[in-house]
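Colleague: Sharing a model prediction with you, sequence too.
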Amino acid sequence: MDLQLNGRLAFISGSTKGIGRAIAVTLLREGARVIVNGRSGSADAAAELAQFGEAIGIDGDLADAGDAERVCGEIDKHGVLEILVNNMGIFNPKPFAEISDEEWRNFLDVNVMSTVRLSRYYFPKMLEQDFGRVINISSEAGMRGLESMVHYSVTKGAQIVMGRGMANLTRGCGRNITVNSVLPGPTLTSGVETWLKESAEVQGKSEEDFVRDFFQETEPTSLLQRFINPEEIAAVVAFVASPLSIAINGSSIKAEGGLIKSIA
């Protein structure tokens, strides 16, 4: 299937590794021009991704208002941005009563305000163009409210609500503008791989046995019963970024392996 992304300019926040990097590779393979971003290392990541297509690196801390403004200026030098993927995010399991005000502010700045700043700058521009996609990489935690990471869940829920509110603003403004949120489930990023290996070792289990027990005991509602690969999330995002996905707008697209027992 031709996703009709050839030549379109995309920016993916937090894309030097993990899900963001997988999204970058997938969009590059579909012919998009992709700007990768991280607090550092973006140029190196872009050089590595150049084998797949035209990759550009822009360093910047989008949790900082001034730096986010600078990054937007750098993006504009490369042309008209048509695809914005708000992927930047942090997570950290911690008991609710132990989460300090400072930690709450940090999670809000990184997970929510980075999305706000980029969207506030590019969404109006997209409304003036003939094409625009804003895609928030949220999480199933934004729907479930994980007790182990209440602060993370709150920020991911905020992304979902923000995406729906922005989508409402596209009514009558242009048929080629959509805003959606993609909700990954437990995904095998490099950080999760490290955690998996260390946890299996501590428990004296093989990695295969640890994963089996994790999904049977901790995430028994998962229909997939394994960690999702970043490339599997990237495939969903690539379609949502495509002109072919015009009928999907204001949606919370679950890509969590059937973990949430709900039809909506």
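Modeller: Sure thing, it's come through.

Colleague: CA atoms only for the helix or strand harbouring Ala158, dumped as CSV, please.
Modeller: Using DSSP states H and E, the element containing Ala158 is helix 150-168. Provided in CSV are the C-alpha atoms of helix 150-168 (Å, rounded to 0.1, in the frame of the first residue of the first chain):
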residue,chain,number,x,y,z
VAL,A,150,-0.5,8.1,38.7
HIS,A,151,1.5,11.2,37.6
TYR,A,152,2.3,9.5,34.3
SER,A,153,-1.3,8.4,33.7
VAL,A,154,-2.5,11.9,34.3
THR,A,155,-0.2,13.4,31.7
LYS,A,156,-1.1,10.7,29.2
GLY,A,157,-4.8,11.3,29.8
ALA,A,158,-4.2,15.0,29.2
GLN,A,159,-2.7,14.3,25.8
ILE,A,160,-5.8,12.3,24.8
VAL,A,161,-8.2,15.1,25.9
MET,A,162,-6.0,17.7,24.2
GLY,A,163,-6.0,15.7,21.0
ARG,A,164,-9.8,15.5,21.0
GLY,A,165,-10.2,19.2,21.8
MET,A,166,-7.9,20.2,18.9
ALA,A,167,-9.7,17.8,16.5
ASN,A,168,-12.9,19.6,17.3
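
Colleague: Can you list the buried residues in it?
Modeller: Judged by neighbour count (16 or more other Cβ atoms under 10 Å), helix 150-168 contains these buried residues: 150-160, 162-164, 166-167. Just so you know, the C-beta spots here come from the backbone N, C-alpha and C atoms, and that holds for glycine as well.

Colleague: is Ile177 in a bridge, and if so with what?
Modeller: Here Ile177 sits in beta bridges with Gly132, as judged by DSSP bridges.

Colleague: Gly142 and Ser153 touch, don't they?
Modeller: Yes: taking Cβ atoms under 8 Å as the definition, Gly142 is a contact partner of Ser153 at 6.1 Å.

Colleague: And stretch 180-192, end to end?
Modeller: Length of stretch 180-192, first residue to last, Cα to Cα, to the nearest Å: 25 Å.

Colleague: That one: which residues count as buried?
Modeller: Quick answer for stretch 180-192 (16+ other Cβ under 10 Å): 180-189.

Colleague: How far away from the center of its chain is that stretch?
Modeller: Its chain's C-alpha centre and that of stretch 180-192 lie 8 Å apart, by Cα atoms, centre = their mean, to the nearest Å.

Colleague: Can you name the two of the buried residues of helix 150-168 that sit furthest apart?
Modeller: Greatest spatial distance among the buried residues of helix 150-168 (Cβ to Cβ): Val150 and Ala167, at 26.2 Å.

Colleague: Give me the contacts around the helix or strand bottoming out on mean pLDDT in the chain.
Modeller: In the chain, the helix or strand scored least confidently by mean pLDDT, DSSP states H and E is helix 190-203, which has a mean of 91. Residues from elsewhere that reach helix 190-203 (Cβ atoms under 8 Å, 6 or more residues apart in numbering): 17-18, 186, 188, 206-207, 209-211, 227.
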